[in-house]
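> From the sequence below, what's the structure:
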Amino acid sequence: MVALWKNFWSDDSGQGLVEYVLIVALVAIGLTAVLILFRNRIGGVLNTAATDLATAPTTPYATT
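Numbering: from 1, shown residues only. Now for the predicted structure:
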């Protein structure tokens, strides 16, 4: 039983995958925090862009 436990404890086969999963999880948490923190500003920018696009002229140049 002791040999089985030592073999299990020293097995590093999934270490790389676990590290990548932790990095992806930390990036996702950070991105979520930034989006929550700046949600009003992001919404304002998107609303301004939508308003500008909705009120844009259909012809880009005035014809004389």
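
> make it CA atoms for all contacts and neighbour counts henceforth
Will do.

> Could you list the low-pLDDT ranges of the protein?
62-64 (pLDDT under 70).

> And the lengthiest helix in it, what's buried?
When the chain is parsed with DSSP state H, its longest helix is helix 15-37. Using 16 or more other Cα atoms under 10 Å as the test for burial, helix 15-37 gives no buried residues.

> Please enumerate residues in contact with that helix?
Outside helix 15-37, no residue is within contact range by Cα atoms under 8 Å, 6 or more residues apart in numbering.

> Following element in sequence after it, please.
Beyond helix 15-37 on the C-terminal side, the first helix or strand identified by DSSP states H and E is helix 39-54.

> Give me the residues contacting that following helix.
Contacts of helix 39-54 (Cα under 8 Å, 6+ apart): none.

> now it against helix 15-37, angle please.
70 degrees (axes from the mean of the first three to the mean of the last three Cα atoms, to 10 degrees).

> Please state the offset of stretch 55-64 from the chain centre?
Per Cα atoms, centre = their mean, to the nearest Å, the displacement of stretch 55-64 from the mean C-alpha position of its chain is 38 Å.
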